[in-house]
Structures are given as C-alpha cells and as structure tokens.
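Colleague: Starting from these lines, generate the structure:
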Amino acid sequence: MSTTKAFQLVSNTTTLATFEDGRRALLTIHLALLDNHPSQHEALLQSYQTQHHGIIFNDISSCHQDNEGANGKHNLVFADPPGTLPLFWDGWKLFFAISLPTANDTNSDLPHYELTSPCPYQLPSSSSIW
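Modeller: Numbering: from 1, shown residues only. Coordinates of the predicted model:
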C-alpha cells in the first residue's frame, strides 16, 4: 500500500480495535503517526512505547518459541483495566484491526485502554545512558 500524503503526528486519539478473537476495545494512543489513507485498516505498535507505559507486549507469535521453549502468546496484557487482548499474526507481523469509532462505540460499555503515555517523549541525557 502507498500513500501520497505525509503521516500526521497525533496525540490523545482513540481508535476502535478488533482483535484476533473478535473482541473489540477502544484504544487511546499518544504520540503516534497517523496514516489516514482510506484503505488503512491495521495498526502497528512500537512495543517499547507500550511497555514503557506498563503494558506487557508479548511480541513472540504463537508459531515461535521463547528462550525457555514456551510458545509465544502474541498479545497485550493490561493492568488497568485488567485484560488480555490477542493480536493478529499474518506470518509477517503482529497487528490489530482498526476503524473509526462511532458515537455508539464511544458511548458503549466497550473496554477502553490507554496504549501509550500522554507524557511528552524525553530523550535521556547522554550522561544517563553511558
């Protein structure tokens, strides 16, 4: 897929996500690149950004094993509200399906998770990483 428009930096934006098991949830994302091409229907995540926000990002697909021989889980695990959401795996990447939420979606009892921190990204000072 290609686009003729530059990606847009967005913050505090909410999408409706559908997961591998058919469950749906509202996901709020901060400091992300938005591809608003009409055919875009997947969201890719930078796992470090979610992990820094306290979410467990199990990024090993179930067709692979971790270093202890256990099958991967390819899911997101949240503490607040508690929940585990399975990601799609198409043989190349992990993702969840996205769409614009309707007013009915945002006013429903769908679970709502914050994927990334609303705090501005700060580069560490050079003295703190060496």
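Colleague: so where is this protein shaky, pLDDT-wise?
Modeller: 1-5, 42-45, 121-130 (pLDDT under 70).
Colleague: now the strands for it?
Modeller: All strands of the chain, identified by DSSP state E, fall at 8-10, 13-18, 24-29, 32-34, 42-43, 56-58, 75-79, 82-86, 88-89, 94-99, 112-114.
Colleague: Can you tell me which of those strands is most buried?
Modeller: strand 24-29 (a mean of 19; mean count of other CB atoms under 10 Å). Heads up, the C-betas are built off the backbone N, CA and C, glycines and all.
Colleague: ok, and what's touching that one?
Modeller: 10-19, 43, 83, 85, 96, 101, 105-106, 110-116 (CB atoms under 8 Å, 6 or more residues apart in numbering).
Colleague: Swap in 10 Å and give it another go.
Modeller: If you take CB atoms under 10 Å, 6 or more residues apart in numbering as the criterion, strand 24-29 is touched by 10-19, 43, 45, 49-50, 76, 78, 81, 83, 85, 96-99, 101, 105-106, 108, 110-116, 118.
Colleague: Each with direction, which strands does that strand pair with?
Modeller: Sheet pairing of strand 24-29 (DSSP bridges) gives strand 13-18 (antiparallel), strand 112-114 (parallel).
Colleague: Out of the strands of the chain, flag the one nearest residue 66.
Modeller: Residue 66 lies closest to strand 56-58 among the strands of the chain, at 9.1 Å (CB to CB).
Colleague: strand partners of that closest one, parallel vs antiparallel please.
Modeller: Per DSSP bridges, strand 56-58 is paired in its sheet with strand 75-79 (antiparallel).
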